[in-house]
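[1] Give me coordinates for this.
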Amino acid sequence: MNQMNLLIKLLEKSNIPFEVTDCWGSPQVCYPSKENCICDAVCHWFSYGGNEGLLEIMGLVEGVDDDVEGWLTAEEVFHRIAHHYYAHIKED
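    The predicted structure is shown next:
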């Protein structure tokens, strides 16, 4: 199973809201939705880590000067999204 499919499975299993859209012919996960996207994850031919099958995210980036971060596993992205969801969104 590739990293994007694993991220989708982890989010589904945890009942965390997200939408899957298309980005350059590959899936893009938007959390919690495309319209209100706090974090998105992509893996395509020119994303950071895409050639290695790893994910790039925009949003929920920790300790870097840029708004994107790449070369992440599905588990790393899931933990960031889950931490945000349980700390901020699920309370509402």
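
[2] And the residue nearest the centre of the chain?
    In the chain, the residue lying closest to the centroid (CA atoms, centre = their mean) is Ala41, at 3.3 Å.

[3] Spit out the contact partners of that one.
    Contact criterion CB atoms under 8 Å, 6 or more residues apart in numbering gives 4, 7, 28-29, 31, 55-57, 72, 77 as the residues in contact with Ala41. From N, CA and C alone the C-beta is placed, and that goes for glycine too.

[4] Pull the contacting residues for the spatially closest residue to Gln3 that is not a sequence neighbour.
    Excluding its sequence neighbours, the residue lying closest to Gln3 (CB to CB, 6 or more residues apart in numbering) is Ala74, at 4.4 Å. Under the criterion of CB under 8 Å, 6+ apart, the contact list for Ala74 reads 3-4, 6-7, 10, 55.

[5] Ala74 and Arg80, how far apart?
    Distance check for Ala74 against Arg80: by CB to CB, to the nearest Å, it reads 11 Å.

[6] Shouldn't Met4 be within a helix?
    Yes. Membership of Met4 in a helix is supported by DSSP: H, G, I helix; E, B strand; the rest coil.

[7] Can you give me the end-to-end span of stretch 70-78?
    With CA to CA, to the nearest Å as the measure, the first residue of stretch 70-78 is 14 Å from its last.

[8] same question, stretch 60-79
    Across its full length, stretch 60-79 reaches 10 Å between end residues, using CA to CA.

[9] mind checking how far that stretch is from the chain centre?
    On the basis of CA atoms, centre = their mean, to the nearest Å, stretch 60-79 is displaced by 8 Å from the centre of the chain it belongs to.
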